[in-house]
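>>> fold the following and give me the result.
(2 chains)
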Amino acid sequence: MNKKNMLPEGTRDLILDECIIKRALERDIDGIFEKWGYKEVITPTLEFYETFNYNSQTLREEDMYKFFDNRGRILVLRPDMTIPIARVVETKLKDAEFPIKLRYTSNVFRVHTSLGGKRNEYTDCGVEFIGLEDKKSDLEVLVLALEALKKIGLNDFKLEIGNIGFFNGAFKNLEIDQEYKEVIAQFIEDKNLKNLEDYLSDLNIKEEYKKFFNKLPWMFGDKQILEEAKKLAFNEDIKENLEYLEQLYSELEELGYGENVTFDLGMVPRLNYYTGIIFRGYGEGVGNTLLRGGRYDNLIKASNTCIPAIGFSIDIDSVISNVKLKGNLNEDENVYKIYYSQKNRIEAIKKSEELRSQGYIVDLLPKEDLEEINIVKGGEI
Amino acid sequence: MGISIALTKGRLEEETIKILDKANFDPSELKNKGRKLVFTDKTQDIKYFLVKAADSITYVEHGVADLGVVGKDTILESDNNCYEVLDLGFGKCGFIVASLPENDIFKKVGHVKIGTKYPKVAKDYFKKKGMDVEVIKIEGSVELAPILGLCDGIVDIMETGTTLKENGLVVLDRICEISARLIVNKASFKMKQNEIWEFIDRIKEVINN
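Here you go, the predicted model:
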């Protein structure tokens, strides 16, 4: 036995129920995207490292699986799907008519810290709506995210919406280095109050700003938080961004999603990537963020202009253990087992094909000394 | 919905229990713990468990615990993805750089070796300083390493400074201050918002007084 019966860290086999659940989730969610008119895209698992090494990139080099091709160029296992889709749009769809709505279900790869218990390969199921600005596509994508979350079937779920414009708006008349801005954003994003306070107190900016930034990490919750945020809004930009969220909320409420929508104005990840609303999905009993998305109007460029876009993806693997298999009912009613022996195997195969053509699943099982084939409905005997 | 809290055992344990007591939670089971590992609050739907510092972060990051009490030293050394919402104000100490007085690492010409229990903290610090040093991981009694010549300097936690002094080491720089922090799982904070808010508010009230 020289076989190495082991898996690389962060990967796993899925068998039986896990597999059934995962495929069902993929089918259900992908099915919703399809019904909304999103076209599927399949891109290679391998890409050039260069493709992922763009300037608003926040993934570190060591977070990607890398190797060389036969000419010594660096390849990566794709760490996300948005960049490959941006690449496809910029090259193959640049002359297509916008907007373009695309969907995907693909495995992505990240190298996580060793022994941390995280998956390094997981399936992302997502969409990108490309070619229209915020007011013309945000609502649709939010509804789609809510529908996808609902479809997973958890007891409770929340879609939390933020707006990077709320944070950025505060910098409108503030002369400050990008570097400082990024540090402030990071502390707010991590809700790291102590560090934020210490950092701001050393900074030479007006008290008004300090107060605003110190409050931001706590500005999350249901729609009332938007009312509270109004009191903080000290310029038109911030107000406008707030009003936009209010408008989205009232529309989502009208569509019946009010219960599942919350806000976090202190959600400020990846400053030079996101340009508008940002949103995340959480589910009861799921310890991590299961849906991530947002507007990124500066990423895709065709004929020297930026093409606005918004998208999100769902981490299917993170919910598998929270979803229950919907009974064995289906299985029993759709499954036949046919036991047969050497002498009647032709008959058995013919019979099985007949049942399959009627839509049943038929499992053929050889057995010793059976005078006649034995057809059993349901799972076990 | 109930919440669960991963507390760090050892150095921070006693103070944590005191604060819980003052905030009118019920840490009675934690006081007489015996061999138990999971403790229930009899007054409300809270579960406590005692784990090693670094594990507290791991439990919270995976959402197995909603909240955790852990030292900033452990947080800095980990690569975690949790909210760090409160400075609990106890367990105070600092990260320092020290060496023997005759071997000031900031003046040394050539290759510098740093011994530490906290390689990430040490690397981040010297990177910020623009210094390229070799970091050697040591599990305990870090003060010994420069004396025996394993390394030129150390990065370690200092509470009073007595151990350093007794071993003839001098502090060259103070990297940052450390104290116990309350961390929260990102998804829990959103799914169990009311319960976690209430917990934070009550703890906050105690530390602010």
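
>>> what lines up beside the helix or strand harbouring B:Ile154 in the sheet?
Element membership for B:Ile154, per DSSP states H and E: strand B:153-158. If you go by DSSP bridges, strand B:153-158 pairs up with strand B:93-99 (antiparallel), strand B:113-116 (parallel).

>>> which stretches of chain A aren't confidently modelled?
For chain A, the stretches with pLDDT under 70 are A:1-2, A:326-332, A:379-381.

>>> recalculate using a threshold of 50.
A:329 (pLDDT under 50).

>>> near chain B, which residues of it?
Contact residues (C-beta under 8 Å from any C-beta of the partner chain) of chain A with chain B: A:113, A:116-117, A:156, A:158, A:160, A:190-195, A:217, A:220-221, A:262, A:264, A:280, A:282-284, A:286-290. The C-beta positions use only the backbone N, C-alpha and C, and glycine is treated the same way.

>>> go with 7 Å
A:113, A:117, A:158, A:160, A:190-194, A:221, A:262, A:282, A:284, A:286-289 (C-beta under 7 Å from any C-beta of the partner chain).

>>> show me what contacts residue 180?
You didn't say which chain, so I picked chain A. By C-beta atoms under 7 Å, 6 or more residues apart in numbering or on different chains, the residues touching A:Tyr180 are A:Leu203.

>>> wrong one, chain B
With contacts defined as C-beta under 7 Å, 6+ apart, B:Ala180 is in contact with B:12, B:69-71, B:88, B:90-91.

>>> report the two of those separated the most.
Across the contacts of B:Ala180, the longest distance by C-beta to C-beta is 12.3 Å; it joins B:Val70 and B:Phe90.

>>> between those two, who's got more neighbours?
B:Val70 (31 against 17; other C-beta atoms under 10 Å in any protein chain shown).

>>> returning to that earlier point: show me the contacts of B:Ala180 that map onto helices.
Per DSSP state H, helices hold no members of the contacts of B:Ala180.

>>> just the residues you listed now: which is nearest A:Tyr122?
Once C-beta to C-beta is applied, the member of those that ends up nearest A:Tyr122 is B:Val70, at 27.2 Å.

>>> isn't that closest one right up against B:Asp55?
No. Under the criterion of C-beta atoms under 7 Å, B:Val70 is not in contact with B:Asp55, lying 9.2 Å apart.

>>> okay, now the domains of the chain?
No chain in the question, so chain A it is. A:11-156+A:284-326, A:167-264, A:329-377 (automatic domain parsing).

>>> that's the other chain; I wanted chain B
Split by automatic domain parsing, chain B gives B:3-91+B:179-208, B:93-176.

>>> how about those domains in JSON lines, adding mean pLDDT?
Below are these laid out as JSON lines (pLDDT from 0 to 100):
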{"stretch": "domain B:3-91+B:179-208", "mean pLDDT": "94"}
{"stretch": "domain B:93-176", "mean pLDDT": "95"}
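
>>> can you tell me which of the strands paired with strand B:153-158 is most buried?
Comparing the strands paired with strand B:153-158 on average neighbours per residue, with mean count of other C-beta atoms under 10 Å in any protein chain shown, the densest one is strand B:113-116 at a mean of 23.

>>> quick one: the helix or strand following that one near chain A?
Under the assignment DSSP H and E, the closest C-terminal helix or strand after strand B:113-116 is helix B:119-128. No. Judged by C-beta under 7 Å from any C-beta, helix B:119-128 and chain A are separated, with a smallest distance of 10.5 Å.

>>> SS state for the residue in chain B that chain A sits nearest to?
Proximity to chain A, evaluated over chain B using C-beta to the nearest C-beta, is greatest for B:Gly63 at 1.9 Å. Secondary structure for B:Gly63, judged by DSSP: H, G, I helix; E, B strand; the rest coil, is coil.

>>> which one is it nearest to, not counting chain neighbours?
In space, and not counting its chain neighbours, B:Gly63 is closest to A:Gly287: 1.9 Å by C-beta to C-beta, 6 or more residues apart in numbering or on different chains.

>>> ok, the residue nearest the centre of chain A - contacts?
When C-alpha atoms, centre = their mean is applied to chain A, the residue found nearest the centroid is A:Ser313 (2.0 Å). Applying C-beta under 7 Å, 6+ apart to A:Ser313 gives the contacts A:81, A:124-126, A:292-293.

>>> let's see it at 6 Å
By C-beta atoms under 6 Å, 6 or more residues apart in numbering or on different chains, A:Ser313 lies in contact with A:124, A:126.

>>> in what helix or strand does it lie?
Per DSSP H and E: strand A:309-315 holds A:Ser313.

>>> please, where are all the strands along chain B?
B:3-8, B:38-40, B:46-51, B:67-71, B:83-87, B:93-99, B:113-116, B:134-137, B:153-158, B:170-178, B:180-184 (DSSP state E).

>>> B:Lys123: neighbour count?
The tally of other residues near B:Lys123 (other C-beta under 10 Å) stands at 15.
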